[in-house]
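>>> 3D model of this:
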Amino acid sequence: MIQQLSTSQLATFILGSLKDENSGRVAFYHYIKNFCRGDEAVTVELVNDFFAECLLLNYWQEKRADLYQDVKELLVRFFSVSKMVMSVDQIWDLPRIQIFNLNQIDNIYLTVKSFETGISKEAETLRIIPDGENRIVVLKRSAQGMLTVKTYGNLVRVQGNMLLPLAPDQMLTYNQLLEMQGGVVQRLRISANSQIRFEIGERDVIAQTLTGFAFRQNQIQKLNHLSDFPALFFHLKRLEKFYVYRPSDPY
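Numbers count the residues shown, from 1 in each chain. As a prediction, the model looks like this:
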């Protein structure tokens, strides 16, 4: 078995090499601490997921060359010191990556539909719903009845001769009874630079608010009910109007 380095090891390494407070590695550190459990392997896919999350923000769209250079140098040094190997050639070359906004909802719809159809598993059902002029809601039900809800904005990237949605900016998971799945991190973006990640436990809800281009934790709350956090609750209800039977939920 090939030994892999974990995100907790990478976070510890980054702490020892922090420099400019606005650098890419600061954002990478907070991403690892707030988006990861700590035991995930450091992979190309994880780094590219981080890049995609960054590119949802205007700040990093404008500074993506600096972000790429800083994170690449960090990873090369991390794997060199650890005497492990990971090909950084496979991470997104951010200075060369092309991203732009689609201005027509029909084009956004077709781009998201093509992408989500391509990654769908057998027996999954898919529904794509426009939300205004520049957003798409994706409903995907598994063969077991689990429902995944994702939303996309109008930002896309070029890959070869294809257009791909950059990344979902929100993701929710429901069980077969259309109740929010416990033990899963749910994600809502309440503004361009602020998101809430929350997890429903047996007795309470833990909600974490992240803000800014460095994904810093702004606050963390323990709730008895989702309605105890109005910013989360009403944003959630606005999204649920697309797939929850309204007479069953007065909100």
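
>>> what's the longest helix along the chain packed up against?
Criterion DSSP state H: the longest helix present in the chain is helix 64-81. With contacts defined as 3 or more C-beta pairs under 8 Å, 6 or more residues apart in numbering; DSSP states H and E, helix 64-81 has these neighbours: helix 7-15, helix 24-35, helix 44-55. In short, each C-beta sits where N, CA and C put it, glycine included.

>>> what's next to stretch 217-235, contact-wise?
Contacts made with stretch 217-235 from outside it, assessed by C-beta atoms under 8 Å, 6 or more residues apart in numbering, are listed as 30, 33-34, 188, 190, 194, 196, 198, 204-211, 236, 251.

>>> scratch that, stretch 55-67 is what I was asking about
The set of residues that contact stretch 55-67 without belonging to it, under C-beta under 8 Å, 6+ apart, is 23-24, 27, 51, 54, 94-95, 97, 99, 153, 155, 157, 166-167, 169, 192-193, 213.

>>> and the end-to-end length of that stretch?
Chord length of stretch 55-67, first to last residue, is 10 Å (C-alpha to C-alpha, to the nearest Å).

>>> just give the number of residues close to L239.
For L239, the tally of surrounding residues (other C-beta atoms under 10 Å) stands at 17.

>>> my bad, I91
The number of residues packed around I91, counting by other C-beta under 10 Å, is 20.

>>> surely it is in contact with T43?
No - the criterion here is C-beta atoms under 8 Å, and I91 misses it with T43 at 9.9 Å.

>>> which stretches of the stretch 151-251 of the chain form strands?
Taking DSSP state E, counting those that start in this stretch, the strands of the stretch 151-251 of the chain run over residues 155-159, 162-165, 170-174, 186-191, 194-200, 205-211, 216-223.

>>> save those strands as CSV, and put in mean pLDDT and mean neighbour count too.
Converted to CSV, these look like this (pLDDT from 0 to 100; neighbours: other C-beta atoms under 10 Å):
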stretch, mean pLDDT, mean neighbour count
strand 155-159, 96, 16
strand 162-165, 96, 17
strand 170-174, 98, 20
strand 186-191, 96, 18
strand 194-200, 96, 19
strand 205-211, 97, 18
strand 216-223, 94, 13
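
>>> show me the contacts for R189.
Listed by C-beta under 8 Å, 6+ apart, the contact partners of R189 are 151, 169-170, 195-196.

>>> the same query, at a cut-off of 10 Å, please.
Taking C-beta atoms under 10 Å, 6 or more residues apart in numbering as the definition of contact, the neighbours of R189 are 56, 151, 153, 168-171, 195-196, 210, 235.

>>> can you add distance to S120 and give the residues you listed back as a markdown table?
Below are the contacts of R189 laid out as a markdown table (distance: C-beta to C-beta, whole Å):
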| residue | distance to S120 |
| --- | --- |
| L56 | 23 |
| T151 | 17 |
| G153 | 21 |
| P168 | 14 |
| D169 | 20 |
| Q170 | 19 |
| M171 | 15 |
| Q195 | 25 |
| I196 | 27 |
| L210 | 29 |
| H235 | 27 |
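
>>> nearest to D106 among these?
Checking those against D106 with C-beta to C-beta, the nearest one is G153 at 15.4 Å.

>>> picking up where we left off before, whichever of the contacts of stretch 55-67 end up buried, select them in ChimeraX.
A single ChimeraX command suffices to select whichever of those are buried according to 16 or more other C-beta atoms under 10 Å:
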select :23,24,27,51,54,94,153,155,157,166,167,169,213
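
>>> OK, contacts around F213?
Shown here is F213, whose contacts under the criterion C-beta under 10 Å, 6+ apart are 22, 24, 26-27, 30, 54, 57-60, 63, 67, 193.

>>> that'll do, ta.
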